[in-house]
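>>> just the structure for this:
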Amino acid sequence: MTRTNAREIACHLVYEMYLNDITAGEALTALMDEGYYPSLKSESDVYEEKPTGKQLEYLENVVQGVQAKRAELEGYLEKYAIGWSVGRISKVARAVMEVAMYEVLYVHDVPTGAAISEAVELTRKYENEDVVAFVNGVLGAFARAQGANEAE
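Sure thing, here's the model as predicted:
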């Protein structure tokens, strides 16, 4: 399984957490269920291989991390999604942006540009171009601010 596929699955799980009001642990447990995982293959090719090793560690880190840092990530969304409340942002776009922000802040082997580029491409897969532009703008502002903070 590639990191790109693991990232997309992480976004699916964060989306599921918001949609069904479940914890990261519940989402991860459901994903790895031997009876459930094979059924996902028919929905998306990202589920062709079951995550193991490094990609499973990545998934657990990101999904649990997004839950643990939810307030911080929502704060960044409020700050950089100018004119939008978090509640107005689609759950898909929110999940994608929070995964990308978490990666930039806490997953040190993922370059900022890669996290943002892949977030934009994931958004393009599930949303319209207006949402893609919104996600790109929010994450771009977030990344510029993080770069300025690192330079200080």
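>>> use CA for all of it now, contacts and neighbours both
Noted.
>>> what lies in contact with the helix or strand of the chain with the lowest mean pLDDT?
The helix or strand of the chain with the poorest confidence is helix 37-40; it has a mean of 84 (mean pLDDT, DSSP states H and E). Contacts to helix 37-40, defined as CA atoms under 8 Å, 6 or more residues apart in numbering, come from residues 31, 47, 50.
>>> redo these as CSV? Include secondary structure, distance to residue 72 and neighbour count.
Shown next, in CSV, are the contacts of helix 37-40 (DSSP: H, G, I helix; E, B strand; the rest coil; distance: CA to CA, whole Å; neighbours: other CA atoms under 10 Å):
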residue, secondary structure, distance to residue 72, neighbour count
31, helix, 26, 18
47, helix, 30, 19
50, coil, 30, 16
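>>> and of these, the nearest to residue 135?
residue 47 (24.6 Å; CA to CA).
>>> excluding its backbone neighbours, what's nearest the closest one?
residue 41 (5.0 Å; CA to CA, 6 or more residues apart in numbering).
>>> how much space between residue 95 and residue 48?
Distance of residue 95 to residue 48, given as CA to CA, to the nearest Å: 22 Å.
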